[in-house]
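S.K.: sequence and predicted structure below; questions after.
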Amino acid sequence: PGNLGTIIRTADWFGIENIICSENSVDVYNPKVVQATMGSITRVKVYYTQLVEFLSSKPSEIKIFGTLLEGDNIYKKQLAENAIILIGNESHGISKELLPLIEEKISIPKGTGNKQDMAESLNASIATGIICSEFCRRF
C-alpha cells in the first residue's frame, strides 16, 4: 500500500495524470495508500484493468518500457515522450504475461561500490521516482 501511495505522489510531482494498475494491485482507497499519497490521490487518476488486454490495444506511437534488472541503462537509452512505463512488484517483478509486450527494457544502474555487498534491487516507489525524473528531464 505504501508503495502505491508513494508512486501516486511521485506521479503528481512529475505531472503524470494517469496510473493504470493490474486488477491484482492494492486498492487505491486502502487507508495506507491514501495516507502515503499526501493528497495527490485527488489529482492523479488510478485505473484498474486487465493489463495484457490494455497494453495490447495501445496506439502504436506509444512505446512500452519495462523496468527490469537486466534492462539497458536508462541514462544511455533513447526514451520516448509518449510512453507507458511498467513497474513490477518488488518480490516478483513484471509478470510473465506482460514481458512479451515490453518494447524497451530499461534499468537503473547500480553504484560503483563493492557490488557483492550492495542491495539486489531498489524499492519500487524509489525506482519509479528515478525513472520518472529521467523521462521528465529529457522531455
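M.R.: On my side now, so go ahead.
S.K.: contacts, neighbours, all on C-alpha from now
M.R.: OK.
S.K.: my read is that Arg43 contacts Glu17, right?
M.R.: Yes: if you go by C-alpha atoms under 8 Å, Arg43 and Glu17 touch, sitting 7.1 Å apart.
S.K.: buried ones in the helix ranked longest in the chain?
M.R.: Longest helix in the chain by number of residues (criterion: DSSP state H): helix 124-138. Within helix 124-138, the residues that count as buried by 16 or more other C-alpha atoms under 10 Å are 124-125, 127-129, 131-133, 135.
S.K.: likewise for stretch 88-100?
M.R.: 88, 93-94, 98.
S.K.: out of these, which is nearest to Ser60?
M.R.: Leu98 (16.6 Å; C-alpha to C-alpha).
S.K.: tell me the helices and strands packed up against the lengthiest strand in the chain.
M.R.: Using DSSP state E to define each element, the chain has its longest strand at strand 63-73. Counting contacts by 3 or more C-alpha pairs under 8 Å, 6 or more residues apart in numbering; DSSP states H and E, strand 63-73 packs against strand 83-86, strand 104-107.
S.K.: quick check, central residue of the chain?
M.R.: By C-alpha atoms, centre = their mean, the mean C-alpha position of the chain lies nearest to Ile87, the distance being 3.3 Å.
S.K.: that one: what's it in contact with?
M.R.: Residues near Ile87 by C-alpha atoms under 8 Å, 6 or more residues apart in numbering: 66-67, 93-94, 124, 128.
S.K.: which regions of this protein sit below the pLDDT cut-off?
M.R.: Along the chain, the parts satisfying pLDDT under 70 run over 115.
S.K.: residues contacting the spatially closest residue to Ser56 that is not a sequence neighbour?
M.R.: Closest residue to Ser56 apart from its sequence neighbours, by C-alpha to C-alpha, 6 or more residues apart in numbering: Leu101 at 7.2 Å. Going by C-alpha under 8 Å, 6+ apart, Leu101 touches 52, 55-56, 64.
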